[in-house]
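> Task: produce atomic coordinates for the following.
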Amino acid sequence: MITVLGATGGQGGAVAQALLASGQSVRAVVRDAAAPRARRLAEQGVEVFPGDLSDAASLTAAFEGVSAAYAVTTPFESGTDAEVRQGQAIVEAAGRAGLAHLVLASVASADRSTGIPHFESKARIEQTLAEAGLPATVVAPTYFFENALGGLDEIGQGLLSLAIPGDTPLQQIARRDLGAVVAAVIADPERWIGRRVEVAGDAPTPRQMAEAIAEAAGGPVAYRHVPLDLVRRASEDMGAMFTFLTETGYAVDIAALRAEFPDVAWTSFAEWATGQRWPSPRPLG
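Next up is the predicted model:
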């Protein structure tokens, strides 16, 4: 039995599906067992377990009697301080339960002092985990392919917008490939405990992303570069992240990662785009 926190979300859901596909039993920790996504997990044979990411007592119960757990934290509901508290509760609960292997979700480059608020909160959680001395692995993905799905209205207008230059490569990963990596890490704890794994499967430029979406959607999609000043005014966090992605970028050794995980599909952005349902682009004007 493997416990998965955030199993009704994007990352946790991908991990849960990969574990099920590999033959593992899954315990999904959810806030609302009656929610549609939780019910769908239950229909797949997943044990749905009520819990709260900030409550060490409920997490301790969720970690008892399992061989490993995947834990994801989020700053996007209540802020980065709340995310750090989630991480502290997870580490405390894992220690109390005597968890044999904690796989902690972080973000690539969190260990590089980027100054990005939601990278720094994850770095603080990683530090808390290291200080606790628990048997653990940190899995740190880059940007997700699925982020492009947040702009479907624009795609329908023939546009893809990002706040990085059109010819700047952006390391990214499909959630399903992240799930496969986590499943492989959980299947071989002796190899992976004590290690930090940064995960990326492709590095298309925004223009290449637009071309791939256009091909998949069956219509023209142009790339539009959003000025960083506009992003900074809307969100300090996102402004800092896109400044980093423009000026520095992630630094995953993709070739070495593929060698470490030869059984992962390693989907390209173009392959991923082909499998999505896009609106038919109808450029304005």
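> which residues of this protein score low on pLDDT?
Per-residue confidence for the chain (pLDDT under 70) gives these ranges: 283-285.
> Output the helix or strand hosting Val91 in PDB with nothing but the alpha carbons.
According to DSSP states H and E, Val91 maps onto helix 80-97. Extracted in PDB, the C-alpha atoms of helix 80-97 (Å, rounded to 0.1, in the frame of the first residue of the first chain):
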ATOM      1  CA  THR A  80       4.000  30.000   0.800                       C
ATOM      2  CA  ASP A  81       4.000  30.200   4.600                       C
ATOM      3  CA  ALA A  82       1.000  27.800   4.600                       C
ATOM      4  CA  GLU A  83       2.900  25.500   2.200                       C
ATOM      5  CA  VAL A  84       5.900  25.400   4.600                       C
ATOM      6  CA  ARG A  85       3.500  24.400   7.400                       C
ATOM      7  CA  GLN A  86       2.200  21.600   5.200                       C
ATOM      8  CA  GLY A  87       5.700  20.400   4.600                       C
ATOM      9  CA  GLN A  88       6.500  20.500   8.300                       C
ATOM     10  CA  ALA A  89       3.300  18.500   9.100                       C
ATOM     11  CA  ILE A  90       4.200  15.900   6.500                       C
ATOM     12  CA  VAL A  91       7.800  15.500   7.800                       C
ATOM     13  CA  GLU A  92       6.500  15.300  11.400                       C
ATOM     14  CA  ALA A  93       3.900  12.700  10.500                       C
ATOM     15  CA  ALA A  94       6.300  10.600   8.500                       C
ATOM     16  CA  GLY A  95       8.600  10.500  11.600                       C
ATOM     17  CA  ARG A  96       5.800   9.600  14.000                       C
ATOM     18  CA  ALA A  97       4.600   6.800  11.700                       C
END
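> Please work out which residues outside that helix touch it.
Applying CB atoms under 8 Å, 6 or more residues apart in numbering, the contact partners of helix 80-97 are 5, 53-57, 59-60, 62-64, 69, 71, 73-75, 99, 102, 104, 117-118, 120-122, 124-125, 128-129, 132, 134, 136, 237. Yep, even glycine has a C-beta here, placed from its N, CA and C like the rest.
> which of these count as buried?
The neighbour count (16 or more other CB atoms under 10 Å) marks 5, 53-54, 56, 59-60, 62-63, 69, 71, 73-75, 99, 102, 104, 117-118, 120-122, 124-125, 128-129, 134, 136, 237 as buried among the contacts of helix 80-97.
> Among those residues, which lie within helices?
Counted as lying in helices by DSSP state H, out of the buried ones among the contacts of helix 80-97, are 56, 59-60, 62-63, 117-118, 120-122, 124-125, 128-129, 237.
> which one of those residues sits closest to Ala180?
Of all those, Ala180 sits closest to Lys122, with 21.5 Å by CB to CB.
> State the distance from the closest one to Thr246.
Distance check for Lys122 against Thr246: by CB to CB, to the nearest Å, it reads 20 Å.
> just the ones in helices among the buried ones among the contacts of helix 80-97 now: which is nearest Val226?
Of those, the one sitting nearest to Val226 (CB to CB) turns out to be Asp237, at 15.4 Å.
> Not counting sequence-adjacent ones, nearest residue to that closest one?
Closest residue to Asp237 apart from its sequence neighbours, by CB to CB, 6 or more residues apart in numbering: Pro117 at 4.5 Å.
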